[in-house]
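1. any chance you can model this:
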Amino acid sequence: DDRSPLDTDPRITLSIGTKQAGRDAGLFELTRGLAFDHHRGLLFVSDTYNGRVQVLCSDDGSFVSEYSAHPYGIVLDFKHNRVLVANPDHRCVAVHSLQDYSLIEHIARQCYDLGYSGPALELDRPKGLAIDRRRGRLIVAERLQLHVLSLKDYSSLFVIGSYGGGPGAFSNPTAVALDHDRDRIIVADRDNNRVQVLSAVDGSFLFEFGSYGPEPGDFRHPESMCIDNQGRIIVVDTSNHRLQAFTPEGHHISSFECGSSVNDTPRGIAFDEHRGLIAFSAGNRVHVIGANQWLADTFTWRPDRHRYAPSWTKQAIEVILMVRSVARESVISIIPNELLFLIFTELAASPHFAQFNKKITSKTAALLLVVVVVVVVVQAKAQVPYHVSPQNTHSHSLPPSDYLTIHLTYTRSTQQQTKYWNNRSRLLRY
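-> Predicted coordinates for the structure are as follows:
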């Protein structure tokens, strides 16, 4: 039986790829680094042995694009509209356009075997990448140290650490992340089986946690990590076949077991700060843990996050807007868009719905939820009859909305259609 616990874990809302290696679009051969483009709803995947980076839709995993690379770690530089990919085999970092993925340049004195010269800089098998947005820096995890570069021209600023096992020394650091809220650099010190926390100002050592072993809080080759919206440090504990979550101070919170087979060995991880998703690579696949499914509060709802809702949620809201536009004096007419998104977000966060949603299509889920909401609203109206006129709309303790003008008196179809499309255009502004 080659079934994996990852195939049946209800906390995983999306799995991309197959257990067997493949070269077609959406298939992989050894996945490693990951990065979310939360602005466009995309997921970048290092398809290592296929020599490419694949770009997928983070909602459903559908293929969007690909480009040639020799990838390991990936980081997105939104300010300069670029994708940076670590290439340890050729000892450089490739810089691509975030728009069309065309190659811009290589960061290295000489990219071995590629024939491209870059800035006057030597890198020793770079694997991990992170961006310090506050200071405009790129942090590169090399074989025995960290190299801090300027994001403006990729010139060298300073080096952190050297080979060793003491504080601030490294042995094959494979990943690096920035905790911007606490102004810290987090390093996966792989062969020392620990995580080190450094000052983002000058790279000075702050503290470390972890040691070799199988117990909670121990590591066997931590290869990657990310920081979630609560400052928790989520570490890929590769040879223990699990993910581990820690407080910002390094105290163990929880473990996510991935299974014991080679196809279940986790290597890369990324966090979508706007949708609360945790993606991790394992074998030839990528798995996505839904918002709030493993760790609490990876997603907290706010009106400004409507635009980051899953596609099925947006479809459901659009259907309700249409229903609302033709319902005469209905309770559903006074539900603002913000509340609709909140309802569907809370439903999606339920572990029971997450398991159910894996078995049905997004359109079916949207339709079922619309039916549920409509039934509830009709039932509520039957039990609590009332009438609201346009003149006293704001007397029902509903906050005024910039996104929805509430009309409870409808005329003929022309005005109803106009209201529907006005609502729809306001929705799309999210």
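2. could you look up the SS state of residue 224?
-> strand (DSSP: H, G, I helix; E, B strand; the rest coil).
3. how about the strands of the stretch 51-200 of the chain, start to end?
-> In the stretch 51-200 of the chain, the strands defined using DSSP state E, counting those that start in this stretch lie at 52-57, 63-68, 74-77, 82-87, 92-97, 103-107, 128-132, 137-141, 146-150, 156-160, 173-179, 184-189, 194-199.
4. just checking, what packs against the fourth one?
-> Helices and strands in packing contact with strand 82-87 are listed as strand 31-37, strand 74-77, strand 92-97, strand 128-132; criterion 3 or more Cβ pairs under 8 Å, 6 or more residues apart in numbering; DSSP states H and E. No exception for glycine: its C-beta is placed from N, CA and C like everyone else's.
5. worst mean pLDDT among the strands of the stretch 51-200 of the chain?
-> Least confidently modelled of the strands of the stretch 51-200 of the chain is strand 103-107, at a mean of 91 by mean pLDDT.
6. helices or strands next to it in the packing?
-> With contacts defined as 3+ Cβ pairs under 8 Å, 6+ apart, strand 103-107 has these neighbours: strand 92-97.
7. re earlier: tabulate the strands of the stretch 51-200 of the chain (TSV), appending mean neighbour count and distance to residue 209.
-> Formatted as TSV, the strands of the stretch 51-200 of the chain follow (neighbours: other Cβ atoms under 10 Å; distance: least, Cβ to Cβ, whole Å):
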stretch	mean neighbour count	distance to residue 209
strand 52-57	21	32
strand 63-68	15	37
strand 74-77	21	24
strand 82-87	24	25
strand 92-97	23	28
strand 103-107	19	31
strand 128-132	23	18
strand 137-141	25	18
strand 146-150	20	18
strand 156-160	15	18
strand 173-179	25	14
strand 184-189	26	10
strand 194-199	21	6
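8. quick one, which of those strands is nearest to residue 24?
-> Smallest distance to residue 24 across the strands of the stretch 51-200 of the chain (Cβ to Cβ): 8.8 Å, for strand 63-68.
9. distance of residue 227 from residue 21?
-> 31 Å (Cβ to Cβ, to the nearest Å).
10. who has more neighbours, these two?
-> residue 227 (21 against 15; other Cβ atoms under 10 Å).
11. so the more buried one sits against residue 182, correct?
-> No: applying Cβ atoms under 8 Å as the test, residue 227 and residue 182 come out as separate, 9.1 Å apart.
12. any idea how far the residue nearest to residue 214 when sequence neighbours are not counted lies from residue 72?
-> Computed as Cβ to Cβ, 6 or more residues apart in numbering, the closest residue to residue 214 that is not its neighbour in sequence is residue 240, at 5.9 Å. According to Cβ to Cβ, residue 240 and residue 72 sit 21 Å apart.
13. same thing with residue 247?
-> In terms of Cβ to Cβ, residue 247 sits 28 Å off from residue 72.
14. with neighbour numbers in mind, choose between those two.
-> The residue with more neighbours, out of residue 247 and residue 72, is residue 72; 25 against 13, by other Cβ under 10 Å.
15. dump the residue contacts of the more buried one.
-> 32-33, 46, 48, 85-88, 126-128 (Cβ atoms under 8 Å, 6 or more residues apart in numbering).
16. a markdown table for these, including distance to residue 146?
-> Compiled in a markdown table, these are given as follows (distance: Cβ to Cβ, whole Å):
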| residue | distance to residue 146 |
| --- | --- |
| 32 | 19 |
| 33 | 17 |
| 46 | 20 |
| 48 | 22 |
| 85 | 18 |
| 86 | 13 |
| 87 | 17 |
| 88 | 15 |
| 126 | 10 |
| 127 | 11 |
| 128 | 9 |
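17. and which of the residues you listed is nearest residue 266?
-> residue 32 (10.3 Å).
18. can you pull the contacts of the nearest residue to that closest one once chain neighbours are set aside?
-> Nearest residue to residue 32 in three dimensions, chain neighbours excluded: residue 46, at 4.3 Å (Cβ to Cβ, 6+ apart). Residues in contact with residue 46 (Cβ under 8 Å, 6+ apart) are 31-34, 53, 69, 71-74, 85, 268, 281.
19. what's across from the residue nearest in space to the middle of the chain in the sheet?
-> Nearest to the geometric centre of the chain sits residue 272, at 2.3 Å (Cα atoms, centre = their mean). Under DSSP bridges, the beta-bridge partners of residue 272 are residue 277.
20. quick one: it and residue 34 touch, right?
-> No: with contacts counted by Cβ under 8 Å, residue 272 stays clear of residue 34, the gap being 10.1 Å.
21. so what sits against both of those two?
-> residue 279.
22. residue 35 contacts residue 78, doesn't it?
-> No: look at residue 35 against residue 78 with Cβ under 8 Å: they stay out of range, at 10.8 Å.
23. more neighbours, those two?
-> More crowded of residue 35 and residue 78, by other Cβ under 10 Å: residue 35, with 26 against 12.
24. ok, what's across the strand from that one?
-> residue 44.
25. who's in contact with it?
-> 43-44, 74-76, 83, 270.
26. same thing but 6 Å
-> 44, 74, 76, 270 (Cβ atoms under 6 Å, 6 or more residues apart in numbering).
27. and the residues you listed, which two are the farthest apart?
-> Taking Cβ to Cβ, no two of these sit farther apart than 76 and 270, at 9.9 Å.
28. for residue 308, grab phi and psi.
-> With angles defined as degrees, to the nearest 10, residue 308 sits at phi -100, psi 10.
29. tell me the pLDDT of it.
-> The per-residue pLDDT of residue 308 was computed as 72.
30. ditto for residue 333
-> 61.
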